[in-house]
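Participant: can't give you the sequence, but here's the structure:
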Ligand SMILES: NC(=O)c1ccc[n+]([C@@H]2O[C@H](COP(=O)([O-])OP(=O)(O)OC[C@H]3O[C@@H](n4cnc5c(N)ncnc54)[C@H](O)[C@@H]3O)[C@@H](O)[C@H]2O)c1
């Protein structure tokens, strides 16, 4: 089952279309499993309680969040409310503090982020790095989620794995993410801001690789773990723009722009822990990923 409040951070029609795709895919696969979707808010303790009282839950993949790094600076209270208090409600339900007692707690997989590393100077980022200088409330709220997970693991034995995603892109991606905006701007002939002269490296990770890592994390409860899910091969923004230009067959109108304050110069995941613990093995190169993203965009966005 899925829970989402379908907020209007971006067009909710897009979220509904994604849900329809899930339902359609399950029917196509001949799956007998019905997909239940509940439109509800994780900040509402009663909603969460009710769900746990009425459903048998064996695992929680907690992706629901306010996820915009820059926007979190303007609206820190909202980000903390959803990403911290909302997470607390789910943790409470997982360990039976609300929503009924359970014999053993379900595995809890928490979507964290490379943003917790802040402007770390040592590349690649490893899970043992300190992560105590988040550049925006979003990153701080995600780090708080990881820490609460540890407390609940310690106090209640909750199996908790935080997976730190690195710049996810691909079909159904958030329209405010850089990959999406660059593609959109190139296609429509709008300006493409080239931050820091394009000298800004991201460990772009295709969504299907992330999904594989998450699924494997659900299947393997460890106790408490934090695991990077990236590709481990950063590509500069300038190069990323070039790859999109080639795919779309149009030149970008690049304009120089300074680095946004809450952004880091480089991200790069050390994925050795993910390889070891989760058999994680990212398959999709940036070139291949952009090409698949472009195919999806033509079909589902341009129609
Ligand atoms: N996209 C990335 O590159 C990236 C990187 C690092 C971490 N993450 C994390 O991955 C997860 C998914 O991110 P995404 O990029 O797909 O963003 P997204 O905005 O598409 O997905 C988040 C979903 O959470 C829902 N939501 C927000 N507040 C809610 C609430 N109070 N109650 C119920 N649902 C709520 C939203 O409606 C949305 O559908 C998030 O936890 C995000 O922090 C994403």
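Facilitator: Arrived safely. What you see is a predicted model; the values in this text were computed from it and never measured.

Participant: make it CA atoms for all contacts and neighbour counts henceforth
Facilitator: Noted.

Participant: now do the strands in the stretch 1-150 of the chain.
Facilitator: Ranges of strands in the stretch 1-150 of the chain, per DSSP state E, counting those that start in this stretch, are 2-4, 37-39, 59-62, 107-113.

Participant: adjacent strands (with direction) for the last one?
Facilitator: Just to be clear, that refers to strand 107-113. strand 59-62 (parallel), strand 160-165 (parallel) (DSSP bridges).

Participant: looking at the ones you listed, which is buried most?
Facilitator: strand 160-165 (a mean of 26; mean count of other CA atoms under 10 Å).

Participant: mean confidence for that strand?
Facilitator: Here strand 160-165 scores 98 as its mean pLDDT.

Participant: can you check stretch 273-285 too?
Facilitator: Mean pLDDT, stretch 273-285: 98.

Participant: just to revisit the earlier point, and residue 100, which of the strands of the stretch 1-150 of the chain is closest to it?
Facilitator: Nearest to residue 100, of all these, is strand 59-62, at 15.4 Å by CA to CA.

Participant: just how off-centre is that closest one within its chain?
Facilitator: 13 Å (CA atoms, centre = their mean, to the nearest Å).

Participant: what's the local residue count around residue 229?
Facilitator: 36 (other CA atoms under 10 Å).

Participant: what's near enough to touch the closest residue to it other than its chain neighbours?
Facilitator: Nearest non-adjacent residue to residue 229, counting by CA to CA, 6 or more residues apart in numbering: residue 165, 5.0 Å away. Residue 165 makes contacts with 111-114, 210, 228-230, as judged by CA atoms under 8 Å, 6 or more residues apart in numbering.

Participant: again, only using 10 Å
Facilitator: 111-115, 203-205, 207, 210, 213-214, 227-231, 269 (CA atoms under 10 Å, 6 or more residues apart in numbering).

Participant: same question, residue 103
Facilitator: Taking CA under 10 Å, 6+ apart as the contact definition, residue 103 lies against 95-96.

Participant: mind checking how far it is from residue 60?
Facilitator: In this view, residue 103 and residue 60 are 16 Å apart by CA to CA, to the nearest Å.

Participant: ok, now residue 40?
Facilitator: Note on residue 40: its distance to residue 60, by CA to CA, is 16 Å.

Participant: surely residue 34 and residue 2 touch.
Facilitator: No - counting by CA atoms under 10 Å, residue 34 sits too far from residue 2 to count as a contact (11.2 Å).

Participant: what about these two, which has more around it?
Facilitator: residue 2 (13 against 10).

Participant: circling back to that earlier point, could you dump the strands paired with strand 107-113 to JSON lines with distance to residue 286?
Facilitator: Formatted as JSON lines, the strands paired with strand 107-113 follow (distance: least, CA to CA, whole Å):
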{"stretch": "strand 59-62", "distance to residue 286": "26"}
{"stretch": "strand 160-165", "distance to residue 286": "16"}
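
Participant: need these in JSON lines with distance to the ligand, can you?
Facilitator: Below are the strands paired with strand 107-113 laid out as JSON lines (distance: least, CA to the nearest ligand atom, whole Å):
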{"stretch": "strand 59-62", "distance to the ligand": "7"}
{"stretch": "strand 160-165", "distance to the ligand": "4"}
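
Participant: and stretch 39-48, anywhere near the ligand?
Facilitator: Yes - using CA under 6 Å from any ligand atom, stretch 39-48 reaches the ligand at 40-43.
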